[in-house]
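Student: Pasting the sequence and the predicted model now:
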Amino acid sequence: MDEKRKRSVLSPPSLLLLCLEHISENLDKHCKEITHTDYDGLNTQLMFKHHDVFLHTSLAECLLSILARKHKLNDRVLSLFANPSTTQLNRVNISESSATLAGLKALSSHRITDLDASRLMNVNFTDIIVAQGQWTRKNMRSLNVSGCTFNTNNTNFCIVIPLSQLKSLIHLNVSYTEFNNNLGLEMVAEKLTNLVSLDISGTFVYNIQPLINLKHTLRSLIMFKTRVPEKDLIPVLMEMNELRYLDISEEAHPMIDMSKRPSISMLLYSSSSLPNITALDISGRDNVRESALVEFIDHHPNLKFLGLTVTQSLMRDNSTTYELCGVDFLTDELHPFHKKDLKVSGHVTEKQVLEGLRRYTARAHYVHKLLCGLFNLTQYLSEPRPDIVELVLPGMRAHSMHLGVQMAASACLYNLTKLQLGEEVHPSILKSMIELTLRAMRNFPAQQQLQKNALLTMCSDRILQDVDFDRFHASRMVMDCLFAFDDQSMIRMAVAICSILAAKISTKQTAELGTKRNMQKLLQIVKQKADNETADIILKFTLSALWNLTDESPSTCAIFVNEGGLELFIKILQSFPNEASLQTKVLGLVNNIAEVKHLRHFLLRQDFIEHCRRLLGSGHLEVSYFAAGIIAHLAHESIEDWGSCFRQRLDILSALHSKILSWENPESEMVAYRSFSPFFPLLERYDTPEVQLWSVWAMHHVCTKNASRYCSMLLEEGGVDILQRLVSSARVHSDVRAMAHEVLQILLRTKPLPGFKTPAHQ
């Protein structure tokens, strides 16, 4: 894979960025509020607690942008930037903030040259300009008010007069506003004579004739999705000789008028039009002749970009259309007219699709079309492409409620990360990918294919094991799929995902996830497999999910028992006597039941005790280990509690002791524990050494496989004191004492403790 692609994905964030991210998440920790009186009355202002803090321009601007990106900018937070002696701003991004006019006034003391105030909902255009200081209004060079309103006081009257104050303005973006011709474009063309770039996309402009006044200065004109007819558009563009960048693209195909000469082709055929153009976007336009495009490219050697996403041409019969981005001279590098250095947006080749995804994040229709093309291109990938994963996410994020975009994006992400392809993708990118996937699942719960795409993407060991995301939320979303869709492949993936995630959420969350409704559904799946005597992967994953959901969750264990889970699991043991993997999962879950004191009496029944006695002698260590664990927990109960099973107690304890001594510690970790707390009561049973022996063997096993984790757990939970007493006490069986001594030795080797020595092993 290209090293540049690797670096772009695997580079960690800088220390500077991490520090600013930390500040943005902990403003209350680093700042304080002060109250002062000004001409507006009593006001509060946010200030850094340390009086000598000063953020120079680049730091202050970066922090402001981070706060804007996280949607944390409001009047209170903006007041942090009101004092130029602590922060300095030139290039300001307050996009999508919830600030009011009062909050914007915090910027008035700064000398702002570039202001991105796009998509502000609580102020209008006049407020934005009025809030700026006199120096800023006189010297501002770039202004973006895209998505804001020009209307005032809840009226439909568009006010653009404050624009005339910005005499130094070079770049202006008024896209997706009420900006129009009357007192709008005419005034801009007359007053803002220094204007170099203008974006009027999605506005009410219907005539661009006033731009003739700017024909000597305007270098960039973007007018996507405007109301200007082609017949009025072309004559003006023919005079705009200084344009370098021109975007006259459309959202969707206009109506084809066969009686009219294709106007866009007329512009393209002219060898004298747009002589300095380097980028032309005619995406979404119709009636564009292929021959005209060839001539335009030939006559404009400086052209570096050509936008042809969903641009259609007409066949010679003038009735059949085809997509221009797929013509040979654009897709075939060996074609005599092919220009290697010309970038083209479209959906036919990989280069076209990726170029389009970089440029059209905000255009849902384009993103959908491009992602459909990308899906076809990525179905049979053999090499990782983390660079493409990064390009899919912005469009997916921008159009969370567009079903087509979400469907196509989720399908592409699966293609790009399945099997080993996701190994080269940085965990932070995978985290964003999963967060967006979960949002799509939440927004479209009834869309089976989208939900299936999401499950396919998440069903990855790399993602489930290594990526940090909200696993509890994901578990709930995935569990809901079991109820919504009767699809075996989806059931298989859902229970597989739940089986892994349930082990990675807190015990409080497992209790919340292990509701009666969810447990009934999982038990229903187990029952269907047991009735059909089908020991498939779905059964195994479902047993694992139940096992992890009941781990240290007494409420979930109680639901399991009350819903007939124990009888069902006994049936599993009877139906599959030679399936060690099933036996391990069944006994592992019943271990969780046995840890709950008030539920043990459900297990003290002769048929189940006999199963445990038989499986204790299994040649498979895991089976024998978990059978022994159940016996050890049950043996913690008094002889009276065993009732009619008391005759089996002595025999099974004797077998338990000898079997444990026969075990060899396996090479890999056989089991994982959240806590040692269930073992501590067993270690205190000095009258039942078999119970102590199983507990200390279990602790020894995990400490030898993952010493750093479990030795820390021993120290934090007070297990060291209990082990010391075992080693020191004359009442303890020698086998128990020897094993406890070994655990303490592992602890000392892993975490040396000053002044701590293990008692001499006798």
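Tutor: Perfect, thanks for sending it. Residues are numbered from 1 along each chain as shown.
Student: Just the strands from the stretch 51-200 of the chain, written as ranges.
Tutor: Along the stretch 51-200 of the chain, the stretches classed as strands by DSSP state E, counting those that start in this stretch are 91-93, 114-116, 142-144, 171-173, 197-199.
Student: Those into JSON lines, with extra columns for distance to residue 52, mean neighbour count and mean pLDDT?
Tutor: Placement of C-beta: from N, CA and C, glycine included. JSON lines is the format used below for the strands of the stretch 51-200 of the chain (distance: least, CB to CB, whole Å; neighbours: other CB atoms under 10 Å; pLDDT from 0 to 100):
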{"stretch": "strand 91-93", "distance to residue 52": "24", "mean neighbour count": "21", "mean pLDDT": "96"}
{"stretch": "strand 114-116", "distance to residue 52": "28", "mean neighbour count": "20", "mean pLDDT": "97"}
{"stretch": "strand 142-144", "distance to residue 52": "32", "mean neighbour count": "21", "mean pLDDT": "97"}
{"stretch": "strand 171-173", "distance to residue 52": "36", "mean neighbour count": "20", "mean pLDDT": "97"}
{"stretch": "strand 197-199", "distance to residue 52": "41", "mean neighbour count": "21", "mean pLDDT": "98"}
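Student: I'd like those as a markdown table, with distance to residue 315 appended.
Tutor: Below are those laid out as a markdown table (distance: least, CB to CB, whole Å):
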| stretch | distance to residue 315 |
| --- | --- |
| strand 91-93 | 47 |
| strand 114-116 | 45 |
| strand 142-144 | 42 |
| strand 171-173 | 38 |
| strand 197-199 | 34 |
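Student: of all those strands, which lies closest to residue 543?
Tutor: strand 91-93 (51.9 Å; CB to CB).
Student: who does the closest one pair up with?
Tutor: Using DSSP bridges, the strands paired with strand 91-93 are strand 114-116 (parallel).
Student: contacts for the partner strand?
Tutor: With CB atoms under 8 Å, 6 or more residues apart in numbering as the test, strand 114-116 has contacts from 90-95, 128, 132, 136, 140-144.
Student: switch the cut-off to 7 Å
Tutor: With contacts defined as CB atoms under 7 Å, 6 or more residues apart in numbering, strand 114-116 is touched by 90-95, 140-144.
Student: How about the contacts made by the spatially closest residue to residue 492 that is not a sequence neighbour?
Tutor: Using CB to CB, 6 or more residues apart in numbering and skipping the chain neighbours, the partner closest in space to residue 492 is residue 538 (5.0 Å). Shown in contact with residue 538 (CB under 7 Å, 6+ apart): 491-492, 495, 525, 529.
Student: From residue 450, how far off is residue 538?
Tutor: Applying CB to CB, to the nearest Å, the value for residue 538 to residue 450 is 22 Å.
Student: repeat for residue 530
Tutor: Look at residue 530 and residue 450: by CB to CB, they are 32 Å apart.
Student: thinking again about what came up before, got JSON lines for the contacts of strand 114-116, with distance to residue 733 too?
Tutor: Below are the contacts of strand 114-116 laid out as JSON lines (distance: CB to CB, whole Å):
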{"residue": "90", "distance to residue 733": "77"}
{"residue": "91", "distance to residue 733": "75"}
{"residue": "92", "distance to residue 733": "74"}
{"residue": "93", "distance to residue 733": "70"}
{"residue": "94", "distance to residue 733": "72"}
{"residue": "95", "distance to residue 733": "71"}
{"residue": "140", "distance to residue 733": "84"}
{"residue": "141", "distance to residue 733": "84"}
{"residue": "142", "distance to residue 733": "81"}
{"residue": "143", "distance to residue 733": "82"}
{"residue": "144", "distance to residue 733": "78"}
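Student: Show me the helices in the stretch 1-150 of the chain, by range?
Tutor: With DSSP state H, counting those that start in this stretch, the ranges of helices along the stretch 1-150 of the chain come out as 3-10, 15-25, 27-30, 57-69, 75-78, 101-104, 125-130, 134-139.
Student: Out of the contacts of residue 538, who's the most crowded?
Tutor: When neighbours are taken as other CB atoms under 10 Å, the top entry among these is residue 495 (27 neighbours).
Student: Secondary structure element holding it?
Tutor: When elements are assigned from DSSP states H and E, residue 495 belongs to helix 488-501.
Student: ok, now residue 655?
Tutor: Going by DSSP H and E, residue 655 is in helix 646-662.
Student: That's all I had, so thanks and see you.
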